[in-house]
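> just coords:
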């Protein structure tokens, strides 16, 4: 009885359609499937994976490619999937999913710093209806500046992690 309860381990992740098989099916399938799952087409997704790997330091792991790591992250973000759903879809443990999602989040935060840039700090290109209306402009200006500062300040992200 002790052996059955504590020693005998029955594998949980035994699906045939695992991680890369499923991703290859999505990448080679109809373009809408990739858009529905990850909110971007295959070429954009692969380009993002390449940029995160070459320019921002996301490294492939022993058992997981960069594209698989990024798609796990996008699957959670795009569909609002739970860790358990990602475990089933990608056939990894909860600890593995959490660890790799955290790594991608850190790299994406670095990516955001270079992508989102304050172009017009004086709001000269703001619509006239917003800029001239005292009801809208103070709120618009404060929220916009807080958004930009919040994305650039990595301390905000480190506190969240």
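Good, I have the coordinates. Not measured: the values here are computed from a predicted model. Numbers count the residues shown, from 1 in each chain.
> what's the closest non-adjacent residue to residue 37?
In this structure, residue 37 finds its nearest non-sequential neighbour in residue 26, 6.0 Å apart by CB to CB, 6 or more residues apart in numbering. For the C-beta atoms, the positions are set from N, CA and C on the backbone; glycine is no exception.
> go on, residue 94?
Taking CB to CB, 6+ apart, and ignoring the residues beside it in sequence, residue 94 has residue 83 as its nearest neighbour in space, at 5.3 Å.
> tell me who's in contact with that neighbour.
Residues near residue 83 by CB atoms under 8 Å, 6 or more residues apart in numbering: 94, 97, 98.
> quick one: it and residue 37, what's the gap?
17 Å (CB to CB, to the nearest Å).
> next, count neighbours for residue 54.
Summarising burial for residue 54: neighbours were counted as other CB atoms under 10 Å, giving 10.
> what ranges do the strands span in the chain?
In order along the chain, the chain carries no strands (DSSP state E).
> what about the longest helix in it?
As assigned by DSSP state H, the longest helix anywhere in the chain is helix 94-115.
> I'd like to know which elements that helix is packed against.
Using 3 or more CB pairs under 8 Å, 6 or more residues apart in numbering; DSSP states H and E as the contact criterion, the neighbours of helix 94-115 among helices and strands are helix 42-54, helix 66-79, helix 83-90, helix 137-152, helix 154-160.
> gap between the second one and the chain center?
Between the mean C-alpha point of helix 66-79 and the mean C-alpha point of its chain there is a distance of 5 Å (CA atoms, centre = their mean, to the nearest Å).
> so who does the residue in the chain sticking out farthest from the centre touch?
Distance from the C-alpha centroid of the chain peaks at residue 1, with 44.2 Å (CA atoms, centre = their mean). By CB under 8 Å, 6+ apart, the contact set of residue 1 is empty.
> could you list the low-pLDDT ranges of the protein?
Counting by pLDDT under 70, the chain contains low-confidence ranges at 9-19, 117-124, 126, 136-161.
> for residue 20, see how far away the residue lying closest to residue 35 once chain neighbours are set aside is.
Leaving out its chain neighbours, the residue that sits closest to residue 35 by CB to CB, 6+ apart is residue 41, at 5.7 Å. Counting by CB to CB, the separation of residue 41 from residue 20 is 19 Å.
> one more: residue 5?
Distance from residue 5 to residue 20, counting by CB to CB: 34 Å.
> likewise for residue 115?
According to CB to CB, residue 115 stands 28 Å off from residue 20.
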